[in-house]
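Q: Need coordinates for the following:
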Amino acid sequence: MGEEVIISNKQVILKHYVSGYPKESDMELKNSTIKLNVPEGSNVVILKNLYLSCDPYMRGRMKKIEGSYIDSFIPGSPITGFGVAKVLESGDSNFQKGDLVWGMTGWEEYSIVTPTQNNLFKINDKDVPLSYYTGILGMPGMTAYVGFYEICSPKKGETVFVSAASGAVGQLVGQFAKMLGCYVVGSAGSKEKVDLLKSKFGFDEAFNYKEEHDLDAALKRYFPDGIDIYFENVGGKMLDAVLLNMKLHGRIAACGMISQYNLEQTEGVHNLFYLISKRIRMEGFIIFDYFHLYSKYLKMIIPKIKAGNVVYVEDVVEGLENAPTALVGLFSGLNIGKQVVMVSRE
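A: Alright, predicted model coming up:
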């Protein structure tokens, strides 16, 4: 064992469990210390964090929940989430000093993780931006791929609706659907995002849901013959309206329901009978169950990125101290594209 090295480690701490909309004051920046030595016989990996991912599912972890697919954050401890990092020291033979990786890490400058528990993946292709491994080449990309191809079983020429379509997942679902020859419409919350969907991501149509007083009428305008596939990111009133407009044997991939995350009492869905009368298949999924498909996904997506056939928009803020602002802004739609925090340039 070498000489023990202890350095300062800036962290973003969750102060307490959160009700309602999260605020920056629910988190705090704290200075701690960390030992940069792997204990003898341990299989942990010490990481220097480079990029952190802000994702909607993190809101649920800011409150005490039982029986969820992922644990709540621990008040007084660093927030955790997906990120890109560099290996500083390793007790795991699968990872070497200097390797670049992505997986579950802490919202801090340095983290100590166990590769198997933290779903750590080695980054082998470095000819794309490293930050992409928080998005198109990481969890959100896999989510779009699994939800669209595996859950929805799409066919050429079908009609596809994507809510929260300019976000980390939605922008990819729309592009995947267009590659397959589908008619694609997306909803978003600003004129800028709507324009982005049509001009950059190739959606056939898009609309600002905040300007629509009647979502049912809006969907009938864009889908006069109904919707074959709905990629669900929003829930609530949007899901209710979509159920009215699904075709017979339509498919819904339930990825997230961001409109409900900050409500004390979630909204009811009133049109569920249409699941029966229209023989709709609605399936929720958690991406952790599908990481065995990651290598298959990379073989499909990396050539398309390099050929310019898929585009990806990121909203990058610099500095760990700005991470709380970035995360809170996610829930009011302030970000344009995938929200990323750059902690270090290596």
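
Q: which other residues reach the biggest helix by length in the chain?
A: In terms of residue count, the longest helix belonging to the chain (DSSP state H) is helix 294-306. Helix 294-306 is contacted from outside by 121, 125, 127, 128, 132, 136, 137, 141, 142, 145, 310, 312, using C-beta atoms under 8 Å, 6 or more residues apart in numbering. The way it works is simple: take the backbone N, C-alpha and C, and place the C-beta from them, glycine included.

Q: Out of the residues you listed, which sit inside strands?
A: residue 121 (DSSP state E).

Q: Tabulate the contacts of helix 294-306 (a markdown table), appending distance to residue 238.
A: Converted to a markdown table, the contacts of helix 294-306 look like this (distance: C-beta to C-beta, whole Å):
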| residue | distance to residue 238 |
| --- | --- |
| 121 | 33 |
| 125 | 36 |
| 127 | 38 |
| 128 | 33 |
| 132 | 28 |
| 136 | 24 |
| 137 | 28 |
| 141 | 23 |
| 142 | 23 |
| 145 | 23 |
| 310 | 26 |
| 312 | 24 |
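
Q: For the contacts of helix 294-306, which PyMOL command selects only the ones that are buried?
A: Written as a PyMOL command, the selection of buried residues from these, which uses 16 or more other C-beta atoms under 10 Å, is:
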select buried, resi 121+128+132+136+137+141+142+145+310+312
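
Q: thinking again about what came up before, buried residues in the longest helix of the chain?
A: Within helix 294-306, the residues scored as buried using 16+ other C-beta under 10 Å are 294, 297, 298, 301, 302, 305.

Q: next SSE after that helix?
A: Next along the chain after helix 294-306, taking DSSP states H and E as the criterion, comes strand 314-318.

Q: now that following strand: mean pLDDT?
A: What strand 314-318 shows for mean pLDDT is 96.

Q: Report all helices and strands that that strand contacts.
A: Contacts defined by 3 or more C-beta pairs under 8 Å, 6 or more residues apart in numbering; DSSP states H and E place strand 314-318 against helix 323-330, strand 338-342.

Q: tell me the angle it makes with strand 338-342.
A: 20 degrees (axes from the mean of the first three to the mean of the last three C-alpha atoms, to 10 degrees).

Q: just to revisit the earlier point, of the contacts of helix 294-306, which is the nearest to residue 166?
A: Nearest to residue 166 among the contacts of helix 294-306, counting by C-beta to C-beta, is residue 312 at 11.4 Å.

Q: Now do the contacts for the closest one.
A: 132, 135, 136, 171, 172, 305, 337, 338.

Q: from these, which is closest to residue 156?
A: For those, the nearest to residue 156 is residue 172 (18.3 Å; C-beta to C-beta).

Q: Look at that closest one and tell me its secondary structure.
A: Of the three states, residue 172 takes helix under DSSP: H, G, I helix; E, B strand; the rest coil.

Q: Report how many residues lie close to it.
A: Residue 172 is flanked by 29 other residues according to other C-beta atoms under 10 Å.

Q: Can you name the residues that contact it?
A: Contacts of residue 172 (C-beta under 8 Å, 6+ apart): 136, 140, 141, 144, 145, 310, 312.

Q: Check residue 320 too.
A: 10, 12, 29, 52, 107, 108, 109, 341, 343.

Q: just to revisit the earlier point, among the contacts of residue 312, which one has the lowest pLDDT?
A: At the low end of pLDDT for those is residue 337, which has 90.

Q: how close does that one sit to residue 192?
A: According to C-beta to C-beta, to the nearest Å, residue 337 stands 11 Å off from residue 192.

Q: So for these two, which sits in the more crowded spot?
A: residue 337 (21 against 11).

Q: number of nearby residues for the residue nearest to the more buried one when sequence neighbours are not counted?
A: Leaving aside its chain neighbours, residue 337 sits nearest to residue 313 (3.2 Å; criterion: C-beta to C-beta, 6 or more residues apart in numbering). Burial of residue 313 is recorded as 18 neighbouring residues (other C-beta under 10 Å).

Q: Distance of residue 313 relative to residue 67?
A: Taking C-beta to C-beta, one finds residue 313 at 35 Å from residue 67.

Q: Name the helix or strand for residue 87, please.
A: Residue-wise, residue 87 maps onto strand 80-90 under DSSP H and E.

Q: Can you list the strands that that strand pairs with?
A: strand 45-53 (antiparallel), strand 100-106 (antiparallel) (DSSP bridges).

Q: for the last one, the distance to its chain's centre please.
A: Using C-alpha atoms, centre = their mean, to the nearest Å, the mean C-alpha position of strand 100-106 is found 14 Å from that of the whole chain.

Q: circling back to that earlier point, put together TSV for the contacts of residue 320, with distance to residue 317, pLDDT and neighbour count on each row.
A: Below are those laid out as TSV (distance: C-beta to C-beta, whole Å; pLDDT from 0 to 100; neighbours: other C-beta atoms under 10 Å):
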residue	distance to residue 317	pLDDT	neighbour count
10	15	98	17
12	13	98	23
29	14	97	15
52	10	98	30
107	13	98	29
108	16	98	25
109	16	98	19
341	6	98	29
343	10	98	24
